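Trainee: using only what follows, build the 3D model:
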Amino acid sequence: MRLAWTDEALDDLADILVYYLEKAGPVTTDKVEARIVNQIEALRAFPESIRNSERIPGTRELVIQRLPYIAFVQVLPDQIRVLNIVHSARRFP
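Mentor: This next block holds a predicted model:
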């Protein structure tokens, strides 16, 4: 299944990486990026394996393991669309 990142999701990822680069350095930043991207890429095999979101109707939530982030994705017939990556402490309306 094809994976498509929205501009907003790419911006979220870039912001996360800038934060880690400033706080922890390039080695940690590379590991964080790999963890996020690899877990999202793994959705291609079983996109329905992650929970339906109660916060954003019509989406699913991937909790990024060992990091405080949640990726919101939309599973469509021909693609998985990555909508956002947010910190798990973020409050939703």
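Trainee: what comes into contact with stretch 27-40?
Mentor: 3, 13, 16-17, 20-21, 62, 64-67, 69, 71, 73, 82, 85 (C-beta atoms under 8 Å, 6 or more residues apart in numbering). From N, CA and C alone the C-beta is placed, and that goes for glycine too.
Trainee: go on, stretch 85-93?
Mentor: 9, 12-13, 16, 36, 55, 63-64, 68-72.
Trainee: ok, now stretch 58-76?
Mentor: With C-beta under 8 Å, 6+ apart as the criterion, stretch 58-76 contacts 9, 16, 32, 35-36, 39-40, 43, 47-48, 50-53, 55-56, 80-89.
Trainee: the longest helix anywhere in the chain packs against which elements?
Mentor: When the chain is parsed with DSSP state H, its longest helix is helix 7-24. On a contact count with 3 or more C-beta pairs under 8 Å, 6 or more residues apart in numbering; DSSP states H and E, helix 7-24 meets helix 26-41, strand 79-87.
Trainee: now do that helix against strand 79-87, angle only.
Mentor: With axes from the mean of the first three to the mean of the last three C-alpha atoms, to 10 degrees as the basis, helix 7-24 and strand 79-87 are set at 40 degrees to each other.
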